[in-house]
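Peer 1: All I have is the shape, not the residue letters:
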């Protein structure tokens, strides 16, 4: 029954590491703390058991965009899910609460603030809640890199619902943060699941920041028609870089705190739906973004901490396909950070911020494996050679700049591109029919626009690549593609198989 539900609703034949153990623990009504890297499959750990038991799962999530993403994906998989947030009309909220009350809805996504609304808190006590899932659980800890005061509301769950199990999930947490999550949520004996933080599909590189715009253009050229995130230090840097990219003929958007909430949401939605290919942003962007097909993340400035850097680079390659993480490094960036650190009044917080910055400087200057350094931060050991960072292989090489704008930005006519054995690192997984992939990608975009959802809600790149390898033209063969379940076969199978048949002639 477990594997049947996994395939029917999610399209997978096998679990990822730890997923089955976690699902079984949740079904046994045990509290869980799950530490699993971005793209490791955390959401399935509470979504699957929800479908296998009576009652309602309440999911506490920090961002409106994340709620919509996950609800859209669940609905596409034939699961009754909903969210309650400020984007809904009063009538929509009434209908959702009616569906929740009558048992139609299986998962309800809410923000932590909603627990503090008296009417909702009273309703919650009347609902048949079987599980509380707390996503981005590190937000509850003041020691975390993204502490959110509203998450402190969650300490009331154990008091008000002592018999209902809690699963807390996060992609990054030091031992101190893990201990604090357990303490704040009052989880006396949780089962703690710690997956490896090693994202083998991500390459890690540090390139000189000198002539950074030419380098950025050259990197983007290696990822035609693919999604890219570029993190900048300030709003001004963000706007300036986006303007230069747009002037060079690229489709770039911005995301920072200086934009209105509506404009930030609009730009984020466009990026998620592939209407904007390149997002230039401050670190305010990205937490909880489910977009699986980001192939390149560039840090234009020095990160504040290793934990933050790991979280931000983790937005690349969530689908498990090769992706690239590049830090443009200059020790001069330290002085910008030093100014803000000097403004911190609390001596202990100031010392911690300085320590965090020193670690990122150390990362930028490393002579040894970068992956090993990152994993050691999370108390995980790794062999000396990872074969996918610029300190373990001959990875970064000077090659001619092809883009005219890039060449104009470079006084040498050269820029840094990563190549391995004459092949781009991100193209290493290229044994599929690229022409068919482009056709299916266009079909996916049309279907996503018709349904008003992100393209990857229809099918992820990994599923499309699978179709381009096996070229299924029957229901039985289509179902064998990883990521295709009964619900998606019924909803999209006919159109995609017809496209494959027409291509094959």
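Peer 2: Right, received. Where do you want to start? In this text, all values refer to a predicted model and were calculated from it rather than measured experimentally.
Peer 1: Going by C-alpha atoms from here, please, whenever you check contacts or count neighbours.
Peer 2: Will do.
Peer 1: quick one, helices of the stretch 51-200 of the chain?
Peer 2: For the stretch 51-200 of the chain, the helices defined by DSSP state H, counting those that start in this stretch cover 64-76, 90-101, 118-124, 156-160, 175-184.
Peer 1: deepest of those, which one?
Peer 2: Stretch with highest mean neighbour count among the helices of the stretch 51-200 of the chain: helix 64-76 (a mean of 20; mean count of other Cα atoms under 10 Å).
Peer 1: Would you map the helices across the stretch 301-450 of the chain?
Peer 2: 306-313, 333-342, 347-364, 370-377, 404-409, 434-451.
Peer 1: JSON lines for those helices, including distance to residue 41, mean neighbour count and mean pLDDT?
Peer 2: Below are the helices of the stretch 301-450 of the chain laid out as JSON lines (distance: least, Cα to Cα, whole Å; neighbours: other Cα atoms under 10 Å; pLDDT from 0 to 100):
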{"stretch": "helix 306-313", "distance to residue 41": "15", "mean neighbour count": "21", "mean pLDDT": "90"}
{"stretch": "helix 333-342", "distance to residue 41": "34", "mean neighbour count": "14", "mean pLDDT": "87"}
{"stretch": "helix 347-364", "distance to residue 41": "28", "mean neighbour count": "16", "mean pLDDT": "91"}
{"stretch": "helix 370-377", "distance to residue 41": "19", "mean neighbour count": "20", "mean pLDDT": "92"}
{"stretch": "helix 404-409", "distance to residue 41": "38", "mean neighbour count": "18", "mean pLDDT": "45"}
{"stretch": "helix 434-451", "distance to residue 41": "23", "mean neighbour count": "16", "mean pLDDT": "95"}
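Peer 1: For residue 265, which of those helices is the nearest?
Peer 2: Judged by Cα to Cα, the one of the helices of the stretch 301-450 of the chain that comes nearest to residue 265 is helix 434-451, at 17.6 Å.
Peer 1: between that closest one and helix 64-76, what angle do the directions make?
Peer 2: Angle of helix 434-451 versus helix 64-76, following axes from the mean of the first three to the mean of the last three Cα atoms, to 10 degrees, is 100 degrees.
Peer 1: Can you give me the buried ones in the helix or strand encompassing residue 498?
Peer 2: Residue 498 is part of helix 486-504 when elements are defined by DSSP states H and E. Neighbour-count burial for helix 486-504 flags 486-489, 493, 496-497, 499-500 (criterion: 16 or more other Cα atoms under 10 Å).
Peer 1: Name the spans of the stretch 401-505 of the chain whose pLDDT lies under the cut-off.
Peer 2: Along the stretch 401-505 of the chain, the parts satisfying pLDDT under 70 run over 401-430.
Peer 1: nope, the chain is what I meant
Peer 2: The low-confidence ranges in the chain, as defined by pLDDT under 70, are 144-145, 284-289, 394-430.
Peer 1: ok, back up a step: now distance to residue 327 too, for the helices of the stretch 301-450 of the chain, in a markdown table please.
Peer 2: What follows is the helices of the stretch 301-450 of the chain, written out as a markdown table (distance: least, Cα to Cα, whole Å):
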| stretch | distance to residue 327 |
| --- | --- |
| helix 306-313 | 10 |
| helix 333-342 | 12 |
| helix 347-364 | 8 |
| helix 370-377 | 11 |
| helix 404-409 | 18 |
| helix 434-451 | 29 |
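Peer 1: Ok, which of those comes nearest residue 276?
Peer 2: Closest approach to residue 276 among those is made by helix 434-451 (13.2 Å; Cα to Cα).
Peer 1: now that closest one: how far from the chain's centre is it?
Peer 2: 22 Å (Cα atoms, centre = their mean, to the nearest Å).
Peer 1: helices and strands around it, which ones?
Peer 2: helix 455-458, helix 461-470, helix 486-504 (3 or more Cα pairs under 8 Å, 6 or more residues apart in numbering; DSSP states H and E).
Peer 1: mind checking which of those is nearest residue 384?
Peer 2: Distance to residue 384, taken as Cα to Cα, is lowest for helix 461-470 among the helices and strands packed on helix 434-451, at 29.9 Å.
Peer 1: now for the next helix or strand after that closest one, which elements pack on it?
Peer 2: Next helix or strand after helix 461-470 toward the C-terminus (DSSP H and E): helix 475-479. Using 3+ Cα pairs under 8 Å, 6+ apart, the elements in contact with helix 475-479 are helix 486-504.
Peer 1: and residue 389, how far is that from residue 323?
Peer 2: Distance, residue 389 to residue 323, by Cα to Cα, to the nearest Å: 12 Å.
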